[in-house]
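>>> after the sequence you'll find the predicted model.
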Amino acid sequence: MEDDTRGQRRVAAVPWADKQTRQHLQVLVEGVATLAGFEQSSLTLRRDDHFEVVAAAGVGDGFVGTEVPRESIEDDLAGADEWGVWRFVPHHRASPEALAYSHIPDVTPLEGEDAWHPLDLLAAPLHDDQGRLRGLLSVDSPRDGRLPSAEKLEVLTQYAGVARTLVLLALEREELSEKVRMATQAREIVRRALGEPTLDAVLEACRSTVVSCFDAFGMWLTAFDADGGPARTTSFVMGEDYVVPPFAEIDDVVIRLAHRYWSDQYVAPFSRSNADQPGLPREDAERLLGFLDRIGIGAVLFVPLGVGPECLGFLVMTRVSDSRSWTDVEIDAARDIGRDLGRAVANARQLELERAIVDRLRKLDSYRVEVVNTLGHELRNPLFSMSANLELLNTGPLDEDARRSVAAASRGAARMRAVIDDLLTMAQVSDPNREFDPMAVDLRRVVHDVHDECHAAAAAGGVTCHAELPEGPVRVAGDPEELHRLLTNLASNAIKYTDPGGSVTVRLATEGDTVVVTVADTGIGISEPDQAQLFREFFRSTNPAALARPGTGLGLAIVARIVGRHSGTIELDSERGRGTTVTVRFPAYTGELADDVVRPE
């Protein structure tokens, strides 16, 4: 790590991950530098075919975002000395390529064999469970000017383990966020197509109708896939005894003709007496005639199917004898049917593709829930251990700098704990396989409980909290714990973003067969652009006053999922500087549930 940069550095145009994740990683590298006795530290993560510095402590501005070639890091690690989980490259083995992307401290090395040289490299490679190199935790410039002792190396080893856990969580969070962002857009498209017929249904429905309409003996229809090749073929003949012909024998000829004839909007009446057709060489015509003879067909009407410029397949209507010619009226009608069937095939193909996406998204949802649950539970144990050790450190004799470092690490652990808890809740309410068994819930009692629980936080922040409740019970059908979490998130958000002297009011009322909960505050408000994304996972407001207050970016996303699970709606009315009002509406309890159960005292 350096004061002047060697070579040409490339800096990433877009910061890695979201701001909160970067803050967590920044806390990590600052803790490594402070508690392990180093002036500088950095965290480098792999992005595609290169690595990028995503967090650093003790270095000048501009180092974060530096892109490092993958080969440079892999070459350094291959030639490094193994110090447990850490890798050490002494200055005399440092490669010019690595130095070109490094920060070199402007210090004079001490005397002695254990003296640290400014060109020395000490880094811990961070691998995932599949053994892939995902990142690198590096330290530089020990405060005592010496190579780390066994005690310091033990501290560094512990931090390398924490760094691996944090890095894998950050990578999974970015992937899931993108995977979640990504899953929401696809579902919106697919929802509109549910209940529509499949391609098989389209082919099945048209078979006998087309045959009877054209007084044909039989037909076959082939729908193309996205690459223009045969995807589905269905056939039909009048009568009971029927053996499906080997249509694939002539696919190369008829597929080529279908694409050409759709472009020309040409329908071909083909038979032995009418074998001279556009774009059909004599040898291919003889192949087709031989095939038709073998299956007992004397004449066909070949109709291309498509939409716009795209050919989507072809329809072939058959007759046993060519004694009866296809009339001009039949040819014109067949051309129109080719367009209509083309639209039907296009719609059905799109619907099948969307259904496949739905199935994939459902599997992705299940996989995401499983991954989040596993990660959350696996991270809780090391996080508990880390927090416990930090508490022990805080009880011992520490100087002011060390106490500040422990406090910073404790705050980071608390933020991690909040993220894990919210991730687990988000996975729970998003689980497509989780049963929803509603009961009658007295929402008046839930609001009362939430008001009592949030009162202390409101008083600590100088915020006045009111609850306006009707005299009698107000029941909805739902899950009492989820409804409690929903209202807690809304109330705590309102308190958090309201300045001292402000107020938060929770109102509960009924409007006909609808129960209405309103949470209104006099806080900092939300801009219109932010409101459009407010219920998206991991979104944080662009308002600097809001960003200064801690949060995981999952609270309102959890609210939206719970509202959806309860067949409710949520509305938001806000403006920067004048406060926010959130209105949630639920269907009132109709008394159709088996038991009238309320949330216990």
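Cool, got the structure.
>>> domains in the chain, by residue range?
The record assigns the chain these domain ranges, following automatic domain parsing: 10-186, 199-348, 436-587.
>>> list the pairing partners of the helix or strand hosting Leu301 within its sheet, with orientation.
Per DSSP states H and E: Leu301 is located in strand 299-307. The pairing partners recorded for strand 299-307 under DSSP bridges are strand 268-271 (antiparallel), strand 310-319 (antiparallel).
>>> out of the domains of the chain, which comes closest to Val406?
Closest approach to Val406 among the domains of the chain (Cβ to Cβ): domain 10-186, 8.2 Å. C-beta coordinates here come from the backbone N, C-alpha and C atoms, glycine included.
>>> ok, back up a step: chain center to the strand holding Leu301, what's the gap?
43 Å (Cα atoms, centre = their mean, to the nearest Å).
>>> what of stretch 526-539?
Relative to its parent chain, stretch 526-539 has a centroid offset of 17 Å by Cα atoms, centre = their mean.
>>> nearest residue to Thr580 other than its sequence neighbours?
Ser574 (3.9 Å; Cβ to Cβ, 6 or more residues apart in numbering).
>>> before we move on, what about Leu443?
Val474 (4.9 Å).
>>> gap between the one you found and Arg507?
Here Val474 is placed at a distance of 11 Å from Arg507 (Cβ to Cβ, to the nearest Å).
>>> which one of the two is surrounded by more residues?
Taking other Cβ atoms under 10 Å, Val474 and Arg507 do not tie; Val474 has more neighbours (23 against 17).
>>> torsion angles phi and psi at Leu43?
Backbone torsions for Leu43, taken as degrees, to the nearest 10, come to phi -130, psi 120.
>>> could you do Ala477 as well?
Backbone torsions of Ala477, given as degrees, to the nearest 10, read phi -90, psi 120.
>>> need the strands paired with strand 299-307 in TSV (columns: mean pLDDT).
Compiled in TSV, the strands paired with strand 299-307 are given as follows (pLDDT from 0 to 100):
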stretch	mean pLDDT
strand 268-271	94
strand 310-319	90
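>>> list just the one of those that sits closest to His24.
strand 310-319 (48.9 Å).
>>> name all residues that make contact with Gln531.
Contacts for Gln531 (Cβ atoms under 8 Å, 6 or more residues apart in numbering) come out as Leu572, Ser574.
>>> local confidence estimate at it?
In this model, Gln531 is scored at 79, pLDDT.
>>> and it, how far is that from Gln20?
Gln531 is 20 Å from Gln20, by Cβ to Cβ.
>>> which residues in this protein form helices?
Under the criterion DSSP state H, the chain contains helices at 19-35, 70-78, 96-99, 150-191, 199-213, 251-264, 282-294, 328-395, 400-430, 443-460, 480-496, 528-531, 544-547, 555-565.
>>> what's the closest of these to Phe51?
It is, among the helices of the chain and with distance given as Cβ to Cβ, helix 70-78, at 5.5 Å.
>>> make TSV from the domains of the chain and add distance to Ala388 to it.
Listed next are those as TSV, based on distance: least, Cβ to Cβ, whole Å:
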stretch	distance to Ala388
domain 10-186	13
domain 199-348	56
domain 436-587	22
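>>> go through those and find the least confident stretch.
When I compare the domains of the chain, domain 10-186 is least confident, with a mean of 81.
>>> of all the domains of the chain, which one is nearest Glu391?
domain 10-186 (14.9 Å).
>>> once you drop chain neighbours, what's closest to Ala170?
Using Cβ to Cβ, 6+ apart, the closest residue to Ala170 is Thr21 (4.8 Å).
>>> ok, so what distance separates that neighbour from Leu137?
Noted for Thr21: a distance of 16 Å to Leu137, by Cβ to Cβ.
>>> now Ala160
6 Å.
>>> kindly report the same for Ala36.
Between Ala36 and Leu137 the distance is 11 Å, computed by Cβ to Cβ.
>>> now do Ser271
According to Cβ to Cβ, Ser271 stands 77 Å off from Leu137.
>>> out of the two, which sits in the busier spot?
Using other Cβ under 10 Å as the criterion, Ser271 and Leu137 rank with Leu137 on top: 28 against 19.
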